[in-house]
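Peer 1: Predicted model, plus sequence, below.
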Amino acid sequence: MNSTDFIVVRNDLPQSKIIETQLPDGAALPADALLVKVVSFAFTANNITYAVIGEQLKYWNLFPAPQGYGIIPVWGFGEVIASNHPNVAVGETLFGYFPMATHLVIEAADVTKRGLRDAAAHRQGVSPVYNVYSRVSDDPTYAGRQGDYRALMLPLFMLSFMVDDFLAENEFHGARRVMLSSASSKTAFGLAHLLHKRPGVRVVGLTSKGNVDFVKSLGCYDEVMTYDQVTAMPQGEPTAYVDMAGNSALRETLHRHLGVQMVHSLRVGLTHRASDADEPVLPGAKPVWFFAPDQIRKRAREWGPGGVDQRFGAAWAELVPHLPDWIRVVERRGVHAVREAYLDTLQGRVPPDQGLILSLAE
């Protein structure tokens, strides 16, 4: 059996191709291994971030590809079509981190009723969260459209949740205004939804002119500004900047405009893919990267077993009712449709209210 894999040139992301890779026959799987068919996966700007920083954070290691190429990781669903593990049945549905491919072999370990881990050696250099699969066959909240929303938003909302928690834990570093770039992105509006409930801070969304109406319609930003308006922003208010865009020129403009009133500057995303490798020292707080797994590990220690899941689950439950109004799910199937969706996302052509659910299988 072969897998159809969608691979990209690591240092030239617009370049991609389809390859076929040989898989072991189901009857010849190694001990405890599973052969999984990738049923569907979400694709968002966050997946582009995975590709941009794939080298630094070892995302390229997760799913090996030929020299110079990479397979972008995606969140989605898989069906076990062959199993050599005594406690995992054929036909089970798994939710987790998959390759942009039609199949994956998982070396199942730490199998419980709720999930399992891929113990493949090449996957162990990343945060453990990326190697865990939930067993969701009997969970209706992972089925149908609810499953699509989970694939599209659950991993991004975990990032939103941890940024919100980090800012609140640090009392927003004294800020009374929290500014989010790329305000139409799913991670940004998930964060805005959480911040909007925090007393004492105003949430300002920065976006392009074409996305203003959508961002305003979300109802979770106190103010919406276009990028060309930022130098008209009042300067006297302590401000925290959450940079989802990764645009060096915008970051510099904001820092120089606000000066010492830029009391915190947090780098989270790269939706604009416009960061300079060698940036100047800027006025105000030094920009720092936020890495969600670090905050998750910290809170896991402090909140105890199940503490993160319990708190995140409550936040997710409050978000879910909004998603049908905020996200229009669009399904695309087949090699050509996946390539088109990939390029559209890479070039910023996907409307902000659209959520792409893809499959390489026709």
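Peer 2: That came through, no problem. Numbering: from 1, shown residues only.

Peer 1: Can you show me the helices along the stretch 1-150 of the chain?
Peer 2: Remark: helices of the stretch 1-150 of the chain, listed N- to C-terminal, are 45-52, 144-169; assignment by DSSP state H, counting those that start in this stretch.

Peer 1: element containing Asp294, please.
Peer 2: Applying DSSP states H and E as the criterion places Asp294 in helix 292-303.

Peer 1: Could you list every helix and strand in contact with that helix?
Peer 2: Judged by 3 or more C-beta pairs under 8 Å, 6 or more residues apart in numbering; DSSP states H and E, the packing partners of helix 292-303 are helix 144-169, helix 307-319. In this view, the C-beta of every residue, glycine as well, is placed from N, C-alpha and C.

Peer 1: low pLDDT regions in the stretch 201-350 of the chain?
Peer 2: With pLDDT under 70 as the threshold, the stretch 201-350 of the chain has low-confidence stretches at 270-278.

Peer 1: Quick one: the strands in it, in order.
Peer 2: Remark: strands of the stretch 201-350 of the chain, listed N- to C-terminal, are 202-207, 223-226, 239-243, 262-267, 288-289, 328-333; assignment by DSSP state E, counting those that start in this stretch.

Peer 1: which one of those is the most hemmed in?
Peer 2: Between those, strand 239-243 has the highest mean count of neighbours, a mean of 27, where neighbours are mean count of other C-beta atoms under 10 Å.

Peer 1: how big is the angle separating that strand from helix 144-169?
Peer 2: 140 degrees (axes from the mean of the first three to the mean of the last three C-alpha atoms, to 10 degrees).

Peer 1: re the thing from before, please identify the buried residues of the helix holding Asp294?
Peer 2: 292-293, 295-296, 299 (16 or more other C-beta atoms under 10 Å).

Peer 1: and of the strands of the stretch 201-350 of the chain, who's closest to Phe41?
Peer 2: Distance to Phe41, taken as C-beta to C-beta, is lowest for strand 328-333 among these, at 10.9 Å.

Peer 1: orientation of the closest one relative to helix 144-169 in degrees?
Peer 2: 120 degrees.

Peer 1: quick one: strands adjacent to strand 328-333?
Peer 2: Strands adjacent to strand 328-333 in the sheet, as given by DSSP bridges, are strand 354-359 (parallel).

Peer 1: can I get the helices of the stretch 1-150 of the chain in a markdown table with mean neighbour count?
Peer 2: Output for the helices of the stretch 1-150 of the chain, formatted as a markdown table (neighbours: other C-beta atoms under 10 Å):
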| stretch | mean neighbour count |
| --- | --- |
| helix 45-52 | 21 |
| helix 144-169 | 21 |
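
Peer 1: Mean pLDDT added to the ones you listed, as a markdown table?
Peer 2: Rendered in a markdown table, the data for these read as follows (pLDDT from 0 to 100):
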| stretch | mean pLDDT |
| --- | --- |
| helix 45-52 | 89 |
| helix 144-169 | 96 |
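
Peer 1: Let's have those in CSV, adding distance to Glu362.
Peer 2: Converted to CSV, those look like this (distance: least, C-beta to C-beta, whole Å):
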stretch, distance to Glu362
helix 45-52, 22
helix 144-169, 19
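
Peer 1: which stretch among those helices comes nearest Lys37?
Peer 2: The closest approach between Lys37 and any of the helices of the stretch 1-150 of the chain, judged by C-beta to C-beta, belongs to helix 144-169 at 15.5 Å.

Peer 1: so how many other residues sit close to Ala27?
Peer 2: By the criterion of other C-beta atoms under 10 Å, Ala27 has 7 neighbours.

Peer 1: Tell me how far it lies from Ser83.
Peer 2: Here the distance between Ala27 and Ser83 works out to 11 Å (C-beta to C-beta, to the nearest Å).

Peer 1: Same question for Tyr227.
Peer 2: As defined by C-beta to C-beta, Tyr227 lies at a distance of 51 Å from Ser83.

Peer 1: Just want to know which of the two has more residues nearby.
Peer 2: Ser83 (21 against 18).

Peer 1: The more buried one reaches Pro30, doesn't it?
Peer 2: No - using C-beta atoms under 8 Å, Ser83 is not in contact with Pro30, being 11.6 Å away.

Peer 1: For His193, find the nearest of the helices of the stretch 1-150 of the chain.
Peer 2: The closest approach between His193 and any of the helices of the stretch 1-150 of the chain, judged by C-beta to C-beta, belongs to helix 144-169 at 7.6 Å.
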